[in-house]
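Participant: fold the following and give me the result.
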Amino acid sequence: MAVEGIFVTVELEGDLGKRIHAHQLAFDPKMANYLPPHVTLIGSSGAGPIPAETPLVELKAKIGAVAASFAPMALQFGPPERFVQREIVSLPLDPHGPLRTLHERLTRCGLSFRQARYPFTPHCTINLYPTLTPVNLKRMLAIRESEAFLVHTLCVYHTKEPQKPRLLFKTALGEAVT
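Facilitator: Below is the predicted model:
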């Protein structure tokens with residue numbers, strides 16, 4: 001089923017982003033070339049995509065207001081996990097605390113959302129498309145990326161599968177909307 005809508009993500013930068021991208025290239029080159037390594041806040045878990053026809057000015061105003069009211073935060077991945085009964089391995093984040101608060105504020109900002117497919121489970125996907133082999137699963141579950149990283153910018157994308165997502169705008173946490 002093709003997905004279309006507006007997604008809100010946090011992209012991983014610096015050495016951590018480069019290492020995770022290398023893991024993604026090793027295990028799932030198709031996914032690795034779709035978007036930079038990221039954590040999805042709106043679009044797949046907890047809240048479905050924002051309808052694609054939502055005016056850009058409304059997106060900027062409402063998402064920007066939430067971002068402006070929220071301070072940058074340090075996060076840290078846990079050990080990799082395989083989603084239950086799925087061929088997906090990811091690096092999970094704690095679904096509680098400031099990240100959940102940010103997610104919930106976004107869901108209450110006045111925008112419409114399509115139905116979410118899963119409960120809020122923040123993570124960075126390592127592989128999405130290939131069928132897992134026992135060898136690759138073992139290698140992925142051995143990955144450790146436990147350094148803390150700073151979340152300071154939200155990225156807003158229009159996704160229309162199978163096309164590559166298109167960046168609409170970025171908005172910094174803790175900065176006034178312009």
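Participant: phi and psi next, for P98.
Facilitator: Backbone torsions for P98, taken as degrees, to the nearest 10, come to phi -60, psi -30.
Participant: ah, wrong one, I meant L59
Facilitator: As for L59, its main-chain torsions (degrees, to the nearest 10) stand at phi -60, psi -50.
Participant: unless I'm mixing things up, it is touching H158, no?
Facilitator: No: counting by C-beta atoms under 8 Å, L59 does not reach H158; the two are 9.6 Å apart. C-beta coordinates here come from the backbone N, C-alpha and C atoms, glycine included.
Participant: anything in contact with each of the two?
Facilitator: Counting by C-beta atoms under 8 Å, 6 or more residues apart in numbering, the shared contacts of L59 and H158 are I6, L168.
Participant: and the pLDDT for P80?
Facilitator: We note a pLDDT of 97 for P80 in this prediction.
Participant: okay, now the unreliable bits of this protein?
Facilitator: The model of the chain has pLDDT under 70 over residues 1-2, 176-178.
Participant: residues in a beta bridge with the residue positioned nearest the centre of it, which ones?
Facilitator: Among the residues of the chain, T40 comes closest to the average C-alpha position under C-alpha atoms, centre = their mean, at 1.8 Å. T40 has these beta-bridge partners by DSSP bridges: T9.
Participant: for V66, see how far away it is.
Facilitator: Per C-beta to C-beta, to the nearest Å, T40 is found 16 Å from V66.
Participant: which residues does the closest residue to P72 other than its chain neighbours contact?
Facilitator: Leaving aside its sequence neighbours, P72 sits nearest to H152 (C-beta to C-beta, 6 or more residues apart in numbering; 4.0 Å). By C-beta under 8 Å, 6+ apart, H152 lies in contact with P72, A172, L173, G174.
Participant: what's the farthest-apart pair in those residues?
Facilitator: Maximum pairwise distance among those (C-beta to C-beta): 8.2 Å, between P72 and A172.
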